[in-house]
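[1] Need the 3D shape of this:
(one chain, ligands or ions: 1)
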Amino acid sequence: MRSTSLEPSVAAEPPGERFGCWIDGAERFAEPWMAVHDPASEEPFAHVPVCDASWVHRAVEGAAKAQKEWKSAPPPHRRDVLRSLGQRVRAYKDALSSLLSRETGKPLRAAASEVDNTAQLIDYFAEEGYRLSGHLPLLGDPGRHTLVVREPVGVVGAVTPFNYPLSTLACKAIPALAVGCAVVAKPDEHTPLSSLQLAKLALEAALPPGLFQVVTGPGPVTGAALVAHPDVRCISFTGSTEVGKEIQRRAASGVKRLILELGGTCPAIICEDADWRSLLPHMVTQAYKNSGQYCYRITRFYVARSCWDSFLSEFVDHVVRLRVGHPLEPDVDLGPLNHPDIVRRVAEQVSRAQKAGATVRQAALPGRLKHGFYYPPTVITGLPAHAPLFCEEIFGPVTLLVPFHDEAEALAEANRSPYGLAAYVFTQDLSKGLRLAHELEAGTVWINGIHQALPDAPFGGMKHSGLGREKSRFGVEAFTELKTIYLAY
Ligand code: NAD
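    You can find the predicted model right below:
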C-alpha cells in the first residue's frame, strides 16, 4: 500500500539495499519502492522510493523555508560549507565510485574519474559563487545612486540524466547553493543512488537541512511534479531533447527560469592537412567513452577524401581493439549500456542503417559476458547522404564515418543536424580551423583537441541542444536575478 507519510517509516522489506530520499535533513522511506538494476548483471540491487506529488511538495516547501535564511548567510560561510562538501566527496571517493559504477555500468576507473571531476567542480563553484558581484555605476547625480544587485533565484529544481549523474548534479546544485538558492534534485530513475549519497555528504559537511533535497521516482511522476510546482522558480534540466521540450512547455505556464542541456550528435571535420594519425587513438577513446552514452562525444566523422582510406582502416583497427567487459574488470574501456531501452534503441538505429544500404562493422563481444546490457563498438560507413540517422542522437557506441570532397560540403553536412551541442575540427591551418569554428553551429568547438573541458569555460548547446550555459561565471549567474535599486539620499 502506498504511504504518503513523509516521516521515516518501516516499509515491507524489498530485496536489495534500501536508499531513502533526503528531505529536510533526514532520509525518508516510504512505499512504493522502485528497483535500481545493475546493468552488468541485469539484477535489482537497490530500491528507492517513488516520490509522488505530495513528497515533492514537502521537499519544495522545506527547501523554500531553508532558503530564506541561506540567502542571507555570509558568502564566505556558504563557500566554506561547499568546500567542505568537496573534501568529503574526496574522502568518500572509493565508496562513491563503486556506487556510481554499479548504478551506471561504467568501468570503476571511469566512475572514479567522475568523482574526482565532481570534487573539482564543487571547489570551483564554491569559489565562483563567492566572486559573484553586482554593478555600481561610479558616477551618479548628487544625492542619487543606482545599485544593480544580484539575488538568488529561489528554489531550483535540478533534473538530471543517467549518464553522468554525479558531475551533472554538481554543475547545477553547487552553483545554485553557492549564490544562496536551495535545490530539489530529481535524479534519473536508473541512477539515483550517487545523488542520494551526495545529499547525505552535504549534510555531513554542515549544509543546513532542507537546502539540498533529493526526491526519487520516474520522470513523468516525480520530475513532472517538480517542474510544475509553483514555488520552484528555476528548472535546470539535463537530458533528452524530447523531455526538454516537454519541460519547456510545462515551465512556460509558471514563467520559470529554464536552463536546458539537451541531446547532441556532434560532428568532427578531419581536413586533409590534419595531423589525424597522432590524434586518432584519442578520437576513438572520446567517441566510445562511457559506451557512447555521452552528449558531446563525436558521433559523425567527416573525413577529407584524400585521407579517407587510411583513416577508415586505422579507425576501425582501433575500435575493434576496445576492451568491452564487466565494469569491475581492470583495463576495461566499455561497460554495458545503462538499461535495455538504450540497447533496443541503438540496435534499431544500426539495423535501420543496414537496411538503408550502409556497411556496419562491429567488434565481437567477449563470450564471457552472458548477462548485461552490452552492445558492441560499431562503425557505420556508406549511409546514404540524407538518411535520417545523421540527424538523430545515437546514445551508444556507434559512429558514422563519411568522406567529403571540400570543406564547404563538410560544413554543410555538419550543420544539417538539428542539434548544436559541440563540434570538432582537425587541421594544421589555424586560420582555416578558426573559420570553420565560427561557421559551425555548436555551443563548443574544439580545434585539434578533444579532452579539455574546463570548469571556468561555459558549456551548453544551440538549436535543439538547449538553452543557457552551465559552468563558468555564466553558469553561476544563471541562478541569480538582477535587481535594480534607484537610491536617493
Ligand atoms: P531523459 O530525458 O530520458 O531523462 C532525463 C531526466 O528527466 C531523468 O531524471 C528523467 O526521470 C526525467 N524526466 C523524464 N520525463 C520527465 C518529465 N515528463 N518531466 C520531468 N522530468 C522528466 O534523458 P536520459 O536518457 O537520462 O539521458 C540521456 C540524454 O541526456 C541524452 O539525450 C543526452 O544527450 C542528454 N545529455 C545532455 C547533456 C548536455 O550537457 N547537453 C549531458 C548529459 C546528457
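[2] low-scoring stretches of the stretch 1-150 of the chain, by residue?
    Within the stretch 1-150 of the chain, the stretches falling below the threshold (pLDDT under 70) are 1-15, 138-139.
[3] how does it look with 90?
    1-17, 30-31, 130-147 (pLDDT under 90).
[4] What parts of it come near the ligand?
    Residues of the stretch 1-150 of the chain that fall close to the ligand, judged by C-beta under 6 Å from any ligand atom: none. Placement of C-beta: from N, CA and C, glycine included.
[5] how about the strands in the stretch 1-150 of the chain?
    Taking DSSP state E, counting those that start in this stretch, the strands of the stretch 1-150 of the chain run over residues 17-18, 21-23, 26-28, 33-37, 44-49, 144-152.
[6] tell me what the shortest one is packed against?
    It stands for strand 17-18. On a contact count with 3 or more C-beta pairs under 8 Å, 6 or more residues apart in numbering; DSSP states H and E, strand 17-18 meets strand 44-49.
[7] ranking the strands of the stretch 1-150 of the chain by burial, who's on top?
    For those, average neighbour numbers computed from mean count of other C-beta atoms under 10 Å are highest in strand 21-23, which has a mean of 28.
[8] so what secondary structure elements neighbour that strand?
    Contacts defined by 3+ C-beta pairs under 8 Å, 6+ apart place strand 21-23 against strand 26-28, helix 53-70, helix 193-204, strand 212-214.
[9] thinking again about what came up before, I'd like the strands of the stretch 1-150 of the chain written out as TSV, with distance to residue 278 added.
    Formatted as TSV, the strands of the stretch 1-150 of the chain follow (distance: least, C-beta to C-beta, whole Å):
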stretch	distance to residue 278
strand 17-18	46
strand 21-23	47
strand 26-28	50
strand 33-37	40
strand 44-49	42
strand 144-152	45
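[10] Nearest to residue 392 among those strands would be which one?
    Each of the strands of the stretch 1-150 of the chain has some distance to residue 392 by C-beta to C-beta; the shortest is strand 33-37, at 25.8 Å.
[11] Identify the neighbouring strands of that closest one in the sheet and state each direction.
    Next to strand 33-37 in the sheet, as set by DSSP bridges, lie strand 44-49 (antiparallel).
[12] For the partner strand, which outside residues touch it?
    14-21, 28-38, 55, 102-103, 192-193, 196, 216-217 (C-beta atoms under 8 Å, 6 or more residues apart in numbering).
[13] quick one, it and helix 193-204 angle?
    Counting by axes from the mean of the first three to the mean of the last three C-alpha atoms, to 10 degrees, strand 44-49 points 60 degrees away from the direction of helix 193-204.
[14] got the angle between strand 44-49 and helix 53-70?
    70 degrees.
[15] Render the CA-only coordinates of strand 44-49 in PDB, please.
    This file holds the C-alpha atoms of strand 44-49, laid out as PDB (Å, rounded to 0.1, in the frame of the first residue of the first chain):
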ATOM      1  CA  PRO A  44      18.000  -5.400  -9.000                       C
ATOM      2  CA  PHE A  45      20.400  -4.500  -6.200                       C
ATOM      3  CA  ALA A  46      18.800  -1.500  -4.500                       C
ATOM      4  CA  HIS A  47      15.400   0.200  -4.100                       C
ATOM      5  CA  VAL A  48      14.400   3.800  -3.800                       C
ATOM      6  CA  PRO A  49      11.000   5.400  -3.000                       C
END
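[16] now that strand, how far from the centre of its chain.
    Its chain's C-alpha centre lies 22 Å from the corresponding centre of strand 44-49 when counted by C-alpha atoms, centre = their mean, to the nearest Å.
[17] which regions of the stretch 301-450 of the chain sit below the pLDDT cut-off?
    Short version for the stretch 301-450 of the chain, where the test is pLDDT under 90: 363-364, 450.
[18] do that again at 70, thanks
    Using pLDDT under 70 as the threshold, the predicted model of the stretch 301-450 of the chain has no low-confidence range.
[19] quick one, strands of it?
    Using DSSP E, counting those that start in this stretch, strands in the stretch 301-450 of the chain cover 359-362, 378-381, 398-404, 419-420, 422-426, 444-447.
[20] Wait, residue 52 touches residue 217, no?
    Yes. Using C-beta atoms under 8 Å, residue 52 is in contact with residue 217, at 7.4 Å.
[21] Who has more neighbours out of these two?
    The residue with more neighbours, out of residue 52 and residue 217 and counting by other C-beta atoms under 10 Å, is residue 217; that gives 25 against 17.
[22] mind checking pLDDT for the more buried one?
    Listed pLDDT for residue 217 reads 97.
[23] Spell out which helix or strand contains the residue nearest to the spatial centre of the chain, please.
    A centroid search over the chain (C-alpha atoms, centre = their mean) returns residue 168, at 4.2 Å, as the residue closest to the centre. With elements delineated by DSSP states H and E, residue 168 resides in helix 165-178, which encompasses its position.
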